[in-house]
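A.B. asks: pasting the structure only:
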Ligand SMILES: Cc1cc2nc3c(=O)[nH]c(=O)nc-3n(C[C@H](O)[C@H](O)[C@H](O)COP(=O)(O)OP(=O)(O)OC[C@H]3O[C@@H](n4cnc5c(N)ncnc54)[C@H](O)[C@@H]3O)c2cc1C
């Protein structure tokens, strides 16, 4: 199959540069107040609820959402700038970024009105944390092999099964999860999954943190035993979560956070190498900066697509794939949730600006030079 991708060049408008200055000033104040240290990598399990509320108070959560739900009706490009500045500064965004980036948009699209009126304003105030319940012990990249079952009962559904690698489940108020409501059909193995809003306080949900070798606890196993989900917590079409989950993943993969999570490694490398690098170091840094620049152009372009009301379900994962080590970039199946495997730009040796294979035809239209920002 040949997929023609298009990344139109986008220039960030003047209001974005004004906003960038405001965000930088806010972050400088937070750093001065000791909220976080931009030179130290954020511990993956850093939770900063008060910082989250202050970001909400500045109007930087739910930026693109309707005002009636607490949003600010600003552009995806403005939101892009806020995300970019937060990431480059190593700000502790864990509590709010999933809710702001993808759970809120899913609720906006599929939740009943009373749930939108209840939860969306709280996301905008930086008060709630969301987790993503997709991966299961035997269903990672192959998301649509998910087995955690939702069975009909009076007034709702009973959930049984296990999710795994669920980031932030230990601090989350809600999870948006996919559960199996019917078996897959012979014709369509993507059939039979349904998306649910899960209140993490529901009896029958047990969160088991998964310790990492670093001593951090970021992701979890989440076990459901007859956990009751009311009917109004079904999001969208019963048995039809495939399309919803892929468009949710487009939000997940469209932002700059994936490749900027490791930006500090590049700045530290530049600092360590010093002002008079040898030829190999200079060439290596130049290559990394060129790759970073390319990813940024693609990412801004995807933000432009979101602003234009498009769903970049192909371009966003492709941009995300480019932020992975080259060895893992070749055969990610469409609809895969395997997008958390790091953004180790420094591990790659080269990245072509234009690549054409039998499976992929990528046309990056990088026609104009970027504005410095
Ligand atoms: C830090 C972190 C946070 C995460 N947070 C969440 C979360 O909040 N919620 C959530 O649901 N999940 C989360 N995940 C899980 C993640 O998104 C993936 O689902 C999971 O890492 C992949 O599943 P797996 O580990 O079973 O690997 P597998 O699916 O078994 O894949 C193993 C390897 O095989 C490759 N592979 C798999 N299928 C194919 C194929 N068809 N063709 C070629 N190669 C293939 C993969 O690329 C990978 O290299 C997180 C993961 C990490 C590392």
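C.D. replies: Thanks, I have it. All values reported here derive from a predicted model rather than from experimental measurement. Numbers count the residues shown, from 1 in each chain.

A.B. asks: who are the packing partners of the helix or strand containing residue 82?
C.D. replies: Residue 82 belongs to helix 76-88 when elements are defined using DSSP states H and E. Under the contact definition 3 or more CB pairs under 8 Å, 6 or more residues apart in numbering; DSSP states H and E, helix 76-88 sits against helix 14-32, helix 257-260, helix 279-307. Just so you know, the C-beta spots here come from the backbone N, C-alpha and C atoms, and that holds for glycine as well.

A.B. asks: reformat those as TSV; add mean neighbour count.
C.D. replies: Shown next, in TSV, are these (neighbours: other CB atoms under 10 Å):
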stretch	mean neighbour count
helix 14-32	15
helix 257-260	24
helix 279-307	18
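
A.B. asks: for residue 134, find the nearest of these.
C.D. replies: Within those, the stretch nearest residue 134 is helix 257-260; the backing value is 16.4 Å (CB to CB).

A.B. asks: what bridges to the nearest residue to residue 301 once chain neighbours are set aside?
C.D. replies: Take residue 301 and drop its neighbours on the chain: the residue closest to it by CB to CB, 6 or more residues apart in numbering is residue 7, 4.1 Å away. Beta bridges link residue 7 to residue 364, judged by DSSP bridges.

A.B. asks: what is the burial count for residue 7?
C.D. replies: 23 (other CB atoms under 10 Å).

A.B. asks: downstream of the one helix or strand residue 162 maps to, the next helix or strand is which one?
C.D. replies: Counting by DSSP H and E, the element that carries residue 162 is strand 156-167. Toward the C-terminus, strand 156-167 is succeeded by strand 174-180 as the next helix or strand (DSSP H and E).

A.B. asks: other residues contacting the next helix-or-strand element following that next one?
C.D. replies: Moving toward the C-terminus from strand 174-180, the next helix or strand (DSSP H and E) is strand 193-199. With contact meaning CB atoms under 8 Å, 6 or more residues apart in numbering, strand 193-199 is reached by 106-107, 110-111, 115, 133, 144, 146, 150, 157, 159, 173-181, 205, 227, 229, 233-242, 244-245.

A.B. asks: strand 174-180 and strand 193-199, what's the angle between them?
C.D. replies: 150 degrees (axes from the mean of the first three to the mean of the last three CA atoms, to 10 degrees).

A.B. asks: the helix holding residue 82 - what's its average pLDDT?
C.D. replies: Over the span of helix 76-88, the pLDDT mean works out to 93.

A.B. asks: re earlier: wait, the residue nearest to residue 301 sits on residue 304?
C.D. replies: No - using CB atoms under 8 Å, residue 7 is not in contact with residue 304, being 9.0 Å away.

A.B. asks: what's the burial count for residue 125?
C.D. replies: 17.

A.B. asks: just list the residues touching it, thanks.
C.D. replies: 53, 56-57, 61, 70 are the contacts of residue 125 under CB under 8 Å, 6+ apart.

A.B. asks: can you check residue 174 too?
C.D. replies: Contacts of residue 174 (CB under 8 Å, 6+ apart): 99, 103, 119, 128-131, 197-200.

A.B. asks: now tabulate those residues in JSON lines and tack on neighbour count.
C.D. replies: As requested, those are exported to JSON lines (neighbours: other CB under 10 Å):
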{"residue": "99", "neighbour count": "30"}
{"residue": "103", "neighbour count": "27"}
{"residue": "119", "neighbour count": "24"}
{"residue": "128", "neighbour count": "20"}
{"residue": "129", "neighbour count": "25"}
{"residue": "130", "neighbour count": "30"}
{"residue": "131", "neighbour count": "27"}
{"residue": "197", "neighbour count": "23"}
{"residue": "198", "neighbour count": "25"}
{"residue": "199", "neighbour count": "17"}
{"residue": "200", "neighbour count": "18"}
